[in-house]
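> Using only what follows, build the 3D model:
(chains A and B)
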Amino acid sequence: MDILVFLLSYGGLLMLCLGMPKHYQAMLGQSSFPPNSFLARLILKIVGWLILGLSLVVAIATAGWSFGPVQWIGFLSIGGLTLIVVRSHAPRLALIFGVLSLVSVLLTLLIHEIQSHF
Amino acid sequence: MKESFSQSMDWLHTWAGLLFGWLLFAIFFTGTLTVFDQEITYWMQPELHHVAHTPLNVNAAMHTLEQLAPQAERWWIELPNERTPASTIRWSQDGTSVSRVIDSQTGQPLTLRNTHGGEFFYRFHYQLLLDEAGTWIVGAAAMAMLAVLVAGIVIHHRIFKDFFTFRPGASSHRAWLDAHNVTSVLALPFHFMITFTGLVIFWSIYMPAGIQVQYDGNMDDFWAEAESFIEPERTNHKAPLVSLRDLERQARRYWQGGQTRSIVVSHPGDSHALVHVYRRSDDRLSLYNDRVTFDGTSGALRTVWINSKPAYMTQSVLSGLHFVQFGSSTLRWLYFGMGLAASAMIATGLVLWVVKRQGRHTATNTVGYQLVEGFNVAAVAGLLVATATFFWANRLLPAELPAREFIELQMFFTVWSLCLGHALLKNFFRHCPSVRIWATQLAMAAMLFGLLPIVNAITTESHLLHALSQGRWEVAGFDLSFLVSGLGLAWTARRLDQSARASSRPLNPHPVTSGG
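Here you go, the predicted model:
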């Protein structure tokens, strides 16, 4: 499930990106919800780092202790470059893709969890 | 006037980056291709594409070697794996070594076109085809790369603020600087890791003092001791070899599921023959292979050598990180992607040197400036054209042509030189703006890469649709990558051409704004 690591890297970096006012406004506009406040940015940053941490956990779980971290760093770089390219050409699309990737990761993990119980 | 630290780092970054940039681009680009060296070699020998993938019959390979090279000093048998489905035998005799690709089942040599394949990019990557002198040049470039990376971090004051910033529509200088920053910062762990580990691989060449003192400079003595690798002299008494297949099976018992990479026989046919069975290292980071050595005539176990000493292990893990022989194809694609990012970082840095000085007439009218413009185009776009030519030559030169592998290289270097000539002549005598020359050569590369799938379809039986319908990604992947490269390069060439047209008409009342 290498793709999960990519999607989580992308999603986590997107949250960190949203935590910066300039990018937040480009992707969400001035007056959108949640309010563009210090607290909102702080939460976005914390969530972003947590997702990146989760992507490391998933990387190690799928590829093991020795290859996992190497793959994680690779996916972080590629995920970040993807985010930047999409963000600069179509900011809204970068956001939509991020939400979709996080949702699909959640669903995959959920299905995996349910399957492991039966 | 005393300069600040940041200014002197800026100077270092600019000038060391420029002087080593051309070489570094070539090193990084060929290194990026080397990630898929075995796949490239396989693709460049289409005769192999229809040979069934089977495990090697080790004794059949041994019989072939007995027939072809009974007097050899040493035999090598390389077993097939997921990346290289063919088996290879090799032998050395009187200072020369010969290799043949064999049918894994019968052990008979296959008739294949001669090519250096991915090995060419590999050799060029670490020694520019110049043997040890090349290793020193590449090492110097790697040291420069580390210095330029550190200096680059020092002068990048907005490293966190501009972490996600890329403004392709902004002014030329701004856009190139953003691209340079983004490709540098986002893949920075890779850039440092790959440069540093590249130096670590050749520690014994770059820092030989320890071996000079302890072993009088004799590397063989050092390795013999480090790897418990002791080989007796030849006795010149003939003695038959035991079954290599049985020894290979025995060796695997020491590896907890590890597979065999190769079998090496020293003094085959002699009563002092030794058989070394090497373990594959693709299931772990550490590169060096564990070995089991047997007596060749009695089959008795001699040595079980397993890499476990801390310093040795550290070095072999660092080398392993560089060579990326481990892990899945996903991992190799990640390395490939980050290698492209590193190449793009160097290319954009070179372009920035020129763009920064544009519009300053005192700077741009000098010979030096024009030389840099020309070298930039040839180092980046010219290398792409030459690489595509190399693949074209592989498909178009007749398979039986003598010394065809050498002609492939000649075409590569001829075309690269022509690109340099084209760039310099256009710039000096026609006063063509360099962006035009960039666009021409990139368009050329785009055309060559984009048409490769068609050339492949005409000259071989493994064209894209055929490979796709059989699910043979190791073949189809090349055609698809060529198509993507062709499209990407064509897009870049078009954008450059548009911007050249726009800037050549400065008084246009309706300026063309380049989109997105």
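
> From now on I want contacts and neighbour counts done on CA atoms only, so please keep to that.
OK.

> contacting residues for residue B:124?
B:27, B:30 (C-alpha atoms under 8 Å, 6 or more residues apart in numbering or on different chains).

> Can you tell me the SS state at it?
Three-state call for residue B:124 (DSSP: H, G, I helix; E, B strand; the rest coil): helix.

> if you count residues, which helix in the chain comes out on top?
Looking at chain A here, since you left the chain open. helix A:38-89 (DSSP state H).

> You answered for a different chain; I wanted chain B.
Max-length helix for chain B by DSSP H is helix B:473-504.

> Are there helices or strands packed against the helix or strand that comes right after the longest helix of chain A, and which ones?
Sequence-wise, the next helix or strand downstream of helix A:38-89 (DSSP states H and E) is helix A:91-117. Here helix A:91-117 touches helix A:2-18, helix A:21-28, helix A:38-89, going by 3 or more C-alpha pairs under 8 Å, 6 or more residues apart in numbering or on different chains; DSSP states H and E.

> Quick one: those as TSV, columns for mean pLDDT, distance to residue B:377 and mean neighbour count too.
Shown next, in TSV, are the helices and strands packed on helix A:91-117 (pLDDT from 0 to 100; distance: least, C-alpha to C-alpha, whole Å; neighbours: other C-alpha atoms under 10 Å in any protein chain shown):
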stretch	mean pLDDT	distance to residue B:377	mean neighbour count
helix A:2-18	95	34	25
helix A:21-28	85	34	17
helix A:38-89	94	24	20
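
> and chain B, which of the ones you listed is closest to it?
Nearest to chain B, of all the helices and strands packed on helix A:91-117, is helix A:38-89, at 5.1 Å by C-alpha to the nearest C-alpha.

> Any idea how far that closest one is from the middle of the chain?
Computed by C-alpha atoms, centre = their mean, to the nearest Å, the chain-centroid distance of helix A:38-89 equals 6 Å.

> Now do it and helix A:21-28, the angle between them.
With axes from the mean of the first three to the mean of the last three C-alpha atoms, to 10 degrees applied, the angle from helix A:38-89 to helix A:21-28 works out at 70 degrees.

> For residue B:153, grab the count of nearby residues.
18 (other C-alpha atoms under 10 Å in any protein chain shown).

> What of the one 5 residues further on?
Residues lying near residue B:158 (other C-alpha under 10 Å) number 10.

> about what we covered before: elements contacting the longest helix of chain A?
Using 3+ C-alpha pairs under 8 Å, 6+ apart: helix A:38-89 touches helix A:2-18, helix A:91-117, helix B:172-186, helix B:188-201, helix B:329-357.

> got the angle for the third one vs helix B:473-504?
Comparing the axes of helix B:172-186 and helix B:473-504 via the same axes, to 10 degrees yields an angle of 150 degrees.

> what does the first one give?
Calculated by the same axes, to 10 degrees, helix A:2-18 forms an angle of 30 degrees with helix B:473-504.

> Who are the packing partners of helix A:2-18?
Counting by 3+ C-alpha pairs under 8 Å, 6+ apart, helix A:2-18 packs on helix A:21-28, helix A:38-89, helix A:91-117.

> Any idea how far that helix is from the middle of the chain?
2 Å.

> which residues touch it?
A:23-24, A:27, A:41, A:44-45, A:47-52, A:54-56, A:58-59, A:62, A:72, A:75-76, A:78-80, A:82-83, A:95, A:98-99, A:101-102, A:105, B:164, B:330.

> out of everything not next to it in sequence, what's closest to residue A:67?
Leaving aside its sequence neighbours, residue A:67 sits nearest to residue B:327 (C-alpha to C-alpha, 6 or more residues apart in numbering or on different chains; 6.8 Å).

> Touching, that neighbour and residue A:68? I think so.
No. Using C-alpha atoms under 8 Å as the test, residue B:327 is too far from residue A:68 to be in contact (9.6 Å).

> I'd like the secondary structure assignment at the residue nearest to residue A:67, please.
coil.

> Please report how far it lies from residue B:282.
From residue B:327 across to residue B:282, the span is 6 Å (C-alpha to C-alpha, to the nearest Å).

> Backbone dihedrals for residue B:99, please?
phi -130, psi 150 (degrees, to the nearest 10).

> what sits against it?
B:88, B:89, B:90, B:91.

> The second one belongs to a helix?
Which is residue B:89. No. With three-state DSSP as the criterion, residue B:89 is located in strand rather than a helix.

> Tell me which residues touch it, please.
B:61, B:65, B:75, B:76, B:77, B:78, B:99, B:100, B:101, B:102.

> list the contacts for the fifth one?
If you count contacts by C-alpha under 8 Å, 6+ apart, residue B:77 has them with B:61, B:87, B:88, B:89, B:90, B:262, B:263, B:264.

> ok, now with 7 Å
Remark: with contacts taken as C-alpha atoms under 7 Å, 6 or more residues apart in numbering or on different chains, residue B:77 is in contact with B:88, B:89, B:90, B:262, B:263, B:264.

> Now do the residue lying closest to it once chain neighbours are set aside against residue A:99, distance only.
Leaving out its chain neighbours, the residue that sits closest to residue B:77 by C-alpha to C-alpha, 6+ apart is residue B:89, at 4.6 Å. Distance check for residue B:89 against residue A:99: by C-alpha to C-alpha, it reads 53 Å.
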